[in-house]
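K.L.:
pasting the sequence and the predicted model now:
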Amino acid sequence: MDKYIKELISSNDTVIIPKFGALLVTVSGKGIIMFNEHLKFNDGLLVGHVAKAEGIDKDDAQKKVDEYAYKIMGDLDTGEPYSIEGLGAFFKDGKGEIQFNQYRDGAPSQTPIAHADTAEEKAGADKKAAEEKEKAEADKKAAEEKEKLDAEKETKAEAGKKAAEEKEKLDAEKKAKAEADKKAAEEKAKADKKAEKEKKAADKLEKEKQKQAEKARKKAEANKAASKDTDITTEEDPEPDVPDLSKEAALAKEIAASATKQADTQKEAKTDIPKNTLKSKDAATPEVLNETKEEISKNSEANNDKQKKDKKDTKTAVIPPVESTSAASKGIKPMDHVAPQAENVELPPASVEKQPKKKKKR
C-alpha cells in the first residue's frame, strides 16, 4: 500500500487515505509535503488505483485501504511512528495530533524538513490548505448528499420491493380466495344437486307410500264392506225355477201333511200311558208297581205295532224332474208313489224344497 501512495503523490498534489487523512504537496517544484487530518472522505483515487494495480473490484480494494488506515492508527495509538519508506513517517506530537515528517533526500529523520520561511510561500501554503480544506468539505458534503440520495434510493427501492411483495401477496390471496370461492361454489352446486336428487327420491318414496296407503285403505274399506254385508241381514235366496204344476204342488202338500200326522202319532205313542195305571201315592205297593209296569209294556208294544203299520201304509210321491237320476234308471216316473221299504231309491234333487235362510243378527 505504501508503494501505491508514493506512486500517486508523485503525480498528484493530494492523496487522501480514506478514514485517516491526506498528504498535500504544498509548494510545487520543491516537493514539500504536509499532512491534513481533516481530509478523510473517499475521493476514489487511492481505491481505484489499488483495484487497477491488483486486478480486483472496488469493494475488495476499499477493504484493503480501510485495513491500511486502521494499521497506521493502531501503530500511532501505541506511540510508535508509521514510516513510509522513501517518503516520510506519521507520528503523534505532544498534543496527540498526527504529524507527518518528510524525509530529506529520502533519508529517515526525526526532524521535519525545513519549509520556506518567506511570507509568499507561507501564504501560498495556507491558501492551498484552505482550498483543499474547502474542497474536502465540499466533497464531504457531496459525498454525504450522495450517500443520502443513495440511502433514499435504497429506501425507495426497498419500499418498492416491499410494495411489490405486498401486491404479490395480495394477488396471491385474491387468487386463493377466488379458488376457494370457486371450489365452494362447486361444492354447493354438488350439494344442491345431491339434495335435489334426494328430494326427488324422497318424493317418489312418499308418493309410493301414499299409493300403498290408499291401496291398503281401499282394501280395508272393501273388507269392512264385505264384513258388513256378511253381518247385515240378507234376503233369502230365490227359489230355483221349478215349473208351477198344480198337481205336483198338491201332491207335495199331501206328503207334508202325511209326515206331520205321522210325527204326531209317534209323539202320542210315547206319552199315551193309561190314566188308571197309576194309583194314588198311598197305594204304591210292590204289587201295584209290577202291574203298572206290565200294563205300560203292553201299551208300548201296541204303539210300536201301530207305528210300523202306519209307516208301511205310507207312500212317498215322486216330484219331477227325475231324468238323469238313479230313480229314473229303476223305472220310476214323476208322480209315482214309492213305499217306505224302497229306502235306497234316490229321489230327484228337485223333490226337496229349498228352505229359506234364517236371518242372522249381529
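P.N.:
Nice, I can see it. Numbers count the residues shown, from 1 in each chain.
K.L.:
output the contacting helices and strands for the biggest helix by length in the chain.
P.N.:
The longest helix of the chain (DSSP state H) is helix 119-231. Counting contacts by 3 or more Cβ pairs under 8 Å, 6 or more residues apart in numbering; DSSP states H and E, helix 119-231 is packed against strand 21-27, strand 32-36. Placement of C-beta: from N, CA and C, glycine included.
K.L.:
could these go into TSV alongside mean neighbour count and distance to Lys146?
P.N.:
Formatted as TSV, the helices and strands packed on helix 119-231 follow (neighbours: other Cβ atoms under 10 Å; distance: least, Cβ to Cβ, whole Å):
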stretch	mean neighbour count	distance to Lys146
strand 21-27	21	19
strand 32-36	19	22
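K.L.:
quick one: low-confidence ranges for the stretch 151-300 of the chain?
P.N.:
229-252, 255, 259, 262-263, 265-290, 292-293, 295-296, 299-300 (pLDDT under 70).
K.L.:
could you redo the last one with a cut-off of 90?
P.N.:
For the stretch 151-300 of the chain, the stretches with pLDDT under 90 are 151-156, 158, 160, 224-300.
K.L.:
any idea how far the residue nearest to Asp139 when sequence neighbours are not counted is from Glu144?
P.N.:
Nearest non-adjacent residue to Asp139, counting by Cβ to Cβ, 6 or more residues apart in numbering: Phe41, 5.4 Å away. Separation of Phe41 from Glu144 (Cβ to Cβ, to the nearest Å) stands at 9 Å.
K.L.:
likewise Ile5?
P.N.:
Using Cβ to Cβ, Ile5 is found at 25 Å from Glu144.
K.L.:
these two: which is more packed in?
P.N.:
Using other Cβ atoms under 10 Å, the more surrounded residue of Ile5 and Glu144 is Ile5, with 17 against 11.
K.L.:
state whether the more buried one is indeed within a helix.
P.N.:
Yes - assessed by DSSP: H, G, I helix; E, B strand; the rest coil, Ile5 belongs to a helix.
K.L.:
gap between it and Lys204?
P.N.:
Remark: distance between Ile5 and Lys204 (Cβ to Cβ) = 103 Å.
K.L.:
repeat for Val15
P.N.:
Val15 sits 102 Å away from Lys204, taking Cβ to Cβ as the criterion.
K.L.:
neighbour-wise, which of those two wins?
P.N.:
The residue with more neighbours, out of Val15 and Lys204, is Val15; 23 against 10, by other Cβ under 10 Å.
K.L.:
let me know the helix or strand that the more buried one is in.
P.N.:
strand 14-17 (DSSP states H and E).
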